[in-house]
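Enquirer: here is my input; please provide its structure:
(one chain, ligands or ions: 1)
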Amino acid sequence: MGFGGLSLRAVLGRLGVGAAYVAAVLVVFSGLAVAAPAKVCPDDVVQDASSPVPLSDVCIPDGYTDIPMDYFDDFSWREFVAMVWPAAKGKRGVADTTKTVGGPGPRVFETFKSLYEVFHDDGSAPTAAFNAYDPPGMNVCNAATGFGDMVLGSKSGIDDIGQAGVGELLGPLVAQNGRYVRLQTLYNKIAYDFIVSHKLYQRASLPPVPSPRPELPVVQFPMGSVVLKASWLDLEGFTEEQKARFYSRMAMLKDPNTGQCSKTLMGLVGMHIVVKTPSRPQWIWSSFEQIDAIPPKEFGGTGKFTFHDGNKTNPMPAENPLMLVPLAKQPVTPFNVTRNIMAPVHPKTELMNLVYQRLLHNTPFEFYRVATTQWPRLEGNQAAPVPATQGGEITTTFPGAGATSAFANLTMETFDQGRPQLGCMSCHNQARMTVDFLWSVMDHAYPAKVGVAKSAIAR
Ligand code: HEC
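Expert: The predicted structure is shown next:
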């Protein structure tokens, strides 16, 4: 871009434009895939939880050849802060800059478009306006929805409960209170607009993969696309002391057994965030958990755990004992979840977590952790962008085939913790060619194709 040698930031600075605005403009520019002005990245990351503007890309100093853990984990946290920031009233996906991250109100991510708003049961086009809400008949609770409202459930009663397998649904996770973990998928405006304009909500519009296979995915989402998967739990039976350690909110929750919907207090137990950036067109894969999921007791913890009874002599079963079909009625007898000792959260990630937990003190978000960040990698200079022709194979992603740190989320890939070949990227890589890694598009484009794994059907 011709700014006579000046960076875009410097030009805008001369025009007296504020830093937040500059960052927002940079996001927009990267969304248009315009070459970014040469950037200088600080040697050490600058942790910050005071801004709702996420990093538009990971910023690794030129010539850095080590494993850039801190840069990616910091990217994850900055993105998380942006996602859980209070949303501006009436404006879906927009942060309220007059509030702080702990302020009241629905969060930015909760105002993104839900899976059911993108993929209608009848294959009809989603509402073009990102800010609009569908009429009540379009959600499983037949609920009138407006700004910040949330509906959790699925028509089948199992789609939002089964854990993700390789394009199919696995058994569910139940918490110590006998309630199933509920899953929700959300798209930001850039991703949503792309799906709508390319009609990716219909299977017939998913372009066939030419033979011979091309080098680049047939569909490529624009830079700045953000897609989330959140896991929620009905906090029934939790003490006030326990509840205070969750980000929680009311939602319309569909009971999978009775089909009835009721307003229920839901606690956020996990979150996946994927962000498409100019340097990592294979997306950056971030995953968060609430810290009281399993022992040990974390700072100030009550000693009660969401997915563990506290008795060390009760191990986690090797396979999920619960079926999806038929789905046992709640309250369900729980089992213990533990973290695979071969794949603990990386010590560097835990150090970064401590910094952000402190920055988020006095907000419920201080009780969350990055479990893992995955990214596509090249040898050598880590500041070099990874070309989109590279896939998400395990050999070219962190933590890779010989993983010695976590690559799964306790609440969403509970039984895949010991199989690096089932890390985020290698599993999503199977959806790369057709839909740029996004399994949800592959599964839910009309007519939906969401199979249930044999292991999750009672024989
Ligand atoms: C074994 C395969 C598998 C693994 C491992 C896996 N996922 Fe997924 N993921 C899926 C499937 C399948 C869906 C779509 C589920 C549905 O039908 O709604 C999905 C959905 C998602 C979504 C919603 C957007 C999309 O792709 O459709 C995000 C975000 C996501 N996963 C992130 C992650 C992250 C981060 C990890 C690693 C911590 C991970 N996934 C691990 C299979 C997997």
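Enquirer: hang on, residue 215 packs against residue 390?
Expert: No. Residue 215 is not in contact with residue 390 according to C-beta atoms under 8 Å; the separation is 9.2 Å. Backbone N, C-alpha and C define where each C-beta goes, glycine included.
Enquirer: more neighbours: which of these two?
Expert: Between residue 215 and residue 390, residue 390 has the larger neighbour count (other C-beta atoms under 10 Å), namely 16 against 10.
Enquirer: what sits against the closest residue to residue 146 other than its chain neighbours?
Expert: Leaving aside its chain neighbours, residue 146 sits nearest to residue 133 (5.7 Å; criterion: C-beta to C-beta, 6 or more residues apart in numbering). Residues near residue 133 by C-beta atoms under 8 Å, 6 or more residues apart in numbering: 117, 127, 145-147, 149.
Enquirer: just the buried ones out of these, please.
Expert: Taking 16 or more other C-beta atoms under 10 Å as the criterion, what is buried in the contacts of residue 133 is 117, 127, 145, 147, 149.
Enquirer: distance of the residue lying closest to the fourth one once chain neighbours are set aside relative to residue 411?
Expert: Nearest-residue entry for residue 147: residue 90, 5.3 Å, with adjacent residues in sequence omitted and distances by C-beta to C-beta, 6+ apart. Between residue 90 and residue 411 the distance is 31 Å, computed by C-beta to C-beta, to the nearest Å.
Enquirer: higher neighbour count, the two?
Expert: residue 411 (29 against 11).
Enquirer: host element of that one?
Expert: Using DSSP states H and E, residue 411 falls within no helix or strand.
Enquirer: ok, so what distance separates it from residue 351?
Expert: 23 Å.
Enquirer: so which bits of the stretch 151-300 of the chain are right by the ligand?
Expert: The interface of the stretch 151-300 of the chain toward the ligand, taken as C-beta under 6 Å from any ligand atom, is made up of 164-167, 185, 227-229, 272, 274, 285, 287.
Enquirer: for ChimeraX, write a command that selects the buried ones of the residues you listed.
Expert: To isolate the buried subset of those in ChimeraX, counting by 16+ other C-beta under 10 Å, use the following:
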select :164,165,167,185,227,228,229,272,274,285,287
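Enquirer: among the residues of the stretch 151-300 of the chain next to the ligand, which are in strands?
Expert: Among these, the members falling in strands (DSSP state E) are 164, 185, 227-229, 272, 274, 285, 287.
Enquirer: how about those residues in JSON lines, adding pLDDT and distance to residue 307?
Expert: Output for those, formatted as JSON lines (pLDDT from 0 to 100; distance: C-beta to C-beta, whole Å):
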{"residue": "164", "pLDDT": "97", "distance to residue 307": "17"}
{"residue": "185", "pLDDT": "98", "distance to residue 307": "21"}
{"residue": "227", "pLDDT": "98", "distance to residue 307": "25"}
{"residue": "228", "pLDDT": "98", "distance to residue 307": "21"}
{"residue": "229", "pLDDT": "98", "distance to residue 307": "18"}
{"residue": "272", "pLDDT": "98", "distance to residue 307": "17"}
{"residue": "274", "pLDDT": "98", "distance to residue 307": "24"}
{"residue": "285", "pLDDT": "98", "distance to residue 307": "22"}
{"residue": "287", "pLDDT": "98", "distance to residue 307": "16"}
